[in-house]
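Colleague: Sequence and predicted structure are below.
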Amino acid sequence: MASAEAIAELSKEVLSASLEGTLAEHSTQGSHGVNYHHPYTGNDGYAFYMPTLNLIGVGSINAAGAQIAELGFKKALIVTDKVLVKVGAVEHITKVLDSIHVEYAIYDGTEPNPTDNQVDQGVAMLKEENCDFIISFGGGSPHDCAKAIGVLATNGGKIHDYEGVNKTKTAMLPVVAINTTAGTGAEITRFAIITDTSRHVKMAIIDWKVTPTIAVDDPVLMVGMPKSLTAATGMDALTHAIEAYVSTISNPVTDANALHAMKLIKTYLRDAVHEGTNLKARDMMSYAEFLAGMAFNSASLGYVHAMAHQLGGVYNLPHGVCNAVLLPVVQEYNAKAVPHLFIDIAEAFGHRDIGEDEDLAVKRVLEDIRSLSKDVGIPKNLAELGVKPEDFGLLADNAMKDACGFTNPRAPTRDEVIELFRLAYEQ
Ligand SMILES: NC(=O)c1ccc[n+]([C@@H]2O[C@H](COP(=O)([O-])OP(=O)(O)OC[C@H]3O[C@@H](n4cnc5c(N)ncnc54)[C@H](O)[C@@H]3O)[C@@H](O)[C@H]2O)c1
Ligand SMILES: [Fe+2]
């Protein structure tokens, strides 16, 4: 076996060959998917985060029971919302738990854009009911609420204490995330987004210790999504893929995930929206949101999310709709810094006539985003969403503090962020 010195020498050689060699002339992915996007600046590699076990595809909820039983827990706190209880969807998981003789209590107080108060209510119920693990059932909101409950159960304090990157001291209570939207990717990610009700800000808790232990993505649970929810969550997934692809910390693994997610969403989102019972479209969208989740979980996001979180925090608007409206505006801004990456995105969108024409690539990508949004019924601009121009300054201030923006390929000034809000308002 090679000595530590020899390995260090070799890795120096590999790095200098790859960085000084391939990156000498351009530090980016000009040659379509086979180069670095950005110069590697660290000396400690990349991290790739995922749940330990991922059950995917039609019928995967049926396989979940045996795997949950393997964990050996006695009583679950099911974190969900009132709609999913009312329509009977939650029975998909309670039946599974009955069959493996695991007890449960249900916290159904989660609402879209979950809040610090809902997290506290969940923690109180977890303690009262003596639950030893958590199951989230629903879309991004129950998953994020469950993760936050899991953090407080073992770390104590308030959820605000964990805003930022890797602030928890110990592992959260194990979470099994059963997903019903396609989607936020929250069932597999190390992100929990919780609204601070006093500041009206969506806090980003980014911590590999909030990654669920098991994630379940069964498209059968997604068939009941109404059109508007399918559209909003599908555009959220597209935003994850694009922001992860142009992120300053993307790598070849996240690139592969992101590009395939874009291809699937461009191909299947319209069918999933307009023909909700089309199980192939639902299945492909479920894979797409999973791939996009894998991409951004490790490559992180950009200014679309940094800005969308502020709209969610102040106006309580659907997350995916905010992203969809901001996406073309922010990507037009980003394209000035990384136009070559748009060649790859255009190719993933199915364009075969781009060649090396960066301007054409950017034009096609922006047109495709806008026409997809329109076809699936997303409102045209922030004016239609009731956003107020007098709030742009405050929204920009908070967007600039959001950790999701740190990996955007261009770092905007405050005036530029205000201008991006204005463009999205008027487009
Ligand atoms: N943690 C992450 O990595 C991450 C990433 C992106 C977004 N988010 C967060 O996720 C939240 C949004 O989640 P979401 O868009 O998945 O929606 P959601 O969980 O907020 O649910 C929206 C509504 O859809 C209903 N619903 C869910 N599944 C359904 C189904 N199969 N059929 C019918 N109705 C259904 C819910 O009852 C709810 O009323 C936001 O708070 C956002 O900030 C988190
Ligand atoms: Fe998102």
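Modeller: Looks like it came in fine. Residues are numbered from 1 along each chain as shown. Ligands and ions are numbered 1, 2, ... in the order given.
Colleague: if I look at residue 249, how far off is residue 405?
Modeller: Distance, residue 249 to residue 405, by CB to CB, to the nearest Å: 13 Å. (Glycine included, C-beta is placed from N, CA and C.)
Colleague: quick one: which of these two has more around it?
Modeller: More crowded of residue 249 and residue 405, by other CB atoms under 10 Å: residue 405, with 24 against 18.
Colleague: Residues of the stretch 301-427 of the chain that sit close to ligand 1?
Modeller: Residues of the stretch 301-427 of the chain that fall close to ligand 1, judged by CB under 6 Å from any ligand atom: 312, 319, 320.
Colleague: quick one: pLDDT of the second one?
Modeller: Predicted confidence (pLDDT) for residue 319: 94.
Colleague: Can you tell me the closest non-neighbouring residue to it?
Modeller: The shortest distance from residue 319 to any non-neighbouring residue, by CB to CB, 6 or more residues apart in numbering, is to residue 312 (5.5 Å).
Colleague: ok now do that neighbour, which residues does it touch?
Modeller: Going by CB atoms under 8 Å, 6 or more residues apart in numbering, residue 312 touches 113, 195, 202, 318, 319, 322.
Colleague: and the second one, bridged to which residues?
Modeller: Which is residue 195. residue 115, residue 202 (DSSP bridges).
Colleague: could you measure it against residue 400, distance?
Modeller: Residue 195 sits 18 Å away from residue 400, going by CB to CB.
Colleague: what's the answer for residue 237, then?
Modeller: From residue 237 to residue 400 the distance is 25 Å (CB to CB).
Colleague: Need the pLDDT of the residue nearest to residue 209 when sequence neighbours are not counted.
Modeller: Using CB to CB, 6+ apart and skipping the chain neighbours, the partner closest in space to residue 209 is residue 168 (5.0 Å). At residue 168, the pLDDT value in this model is 98.
Colleague: In this structure residue 168 contacts residue 211, no?
Modeller: No: contact criterion CB atoms under 8 Å: residue 168 and residue 211 do not qualify, at 11.3 Å.
Colleague: quick revisit: wait, is the residue nearest to residue 209 part of a helix?
Modeller: No: assessed with DSSP: H, G, I helix; E, B strand; the rest coil, residue 168 is coil; it does not lie in a helix.
Colleague: and it, how many residues sit next to it?
Modeller: Residue 168 has 19 nearby residues by other CB under 10 Å.
Colleague: unless I'm mixing things up, residue 335 is touching residue 345, no?
Modeller: No: contact criterion CB under 8 Å: residue 335 and residue 345 do not qualify, at 9.7 Å.
Colleague: Show me the common contact partners of those two, please.
Modeller: What both residue 335 and residue 345 touch, as defined by CB under 8 Å, 6+ apart, is the set residue 365.
Colleague: still on that earlier bit, for residue 249 and residue 405, list the residues in contact with both.
Modeller: By CB under 8 Å, 6+ apart, no residue touches both residue 249 and residue 405.
Colleague: re earlier: residue 335 and residue 345 - which one has more neighbours?
Modeller: residue 345 (26 against 23).
Colleague: And what about that one, helix, strand or coil?
Modeller: helix.
Colleague: wait, doesn't it sit right on residue 261?
Modeller: No: Residue 345 is not in contact with residue 261 according to CB under 8 Å; the separation is 11.1 Å.
Colleague: how about residue 152, what does it touch?
Modeller: Counted by CB under 8 Å, 6+ apart, residue 152 has contacts 119, 120, 123, 158, 159.
Colleague: and if you look at residue 245?
Modeller: By CB under 8 Å, 6+ apart, the contact set of residue 245 is 254, 255, 258, 259, 262, 295, 299, 341, 344, 345.
Colleague: Go through the host helix or strand of it and flag the buried ones.
Modeller: Assigned by DSSP states H and E, residue 245 falls within helix 227-246. Buried residues in helix 227-246, counted by 16 or more other CB atoms under 10 Å: 229-246.
Colleague: Who are the packing partners of the helix or strand following that helix?
Modeller: Downstream of helix 227-246, the first helix or strand assigned by DSSP H and E is helix 252-274. Judged by 3 or more CB pairs under 8 Å, 6 or more residues apart in numbering; DSSP states H and E, helix 252-274 is in contact with helix 227-246, helix 279-299, helix 341-348, helix 358-375.
Colleague: Reformat those helices as TSV; add distance to residue 49.
Modeller: Output for the helices and strands packed on helix 252-274, formatted as TSV (distance: least, CB to CB, whole Å):
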stretch	distance to residue 49
helix 227-246	13
helix 279-299	5
helix 341-348	23
helix 358-375	27
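Colleague: Save those helices as JSON lines, and put in mean pLDDT and distance to residue 175 too.
Modeller: Formatted as JSON lines, the helices and strands packed on helix 252-274 follow (pLDDT from 0 to 100; distance: least, CB to CB, whole Å):
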{"stretch": "helix 227-246", "mean pLDDT": "97", "distance to residue 175": "20"}
{"stretch": "helix 279-299", "mean pLDDT": "97", "distance to residue 175": "15"}
{"stretch": "helix 341-348", "mean pLDDT": "94", "distance to residue 175": "32"}
{"stretch": "helix 358-375", "mean pLDDT": "98", "distance to residue 175": "32"}
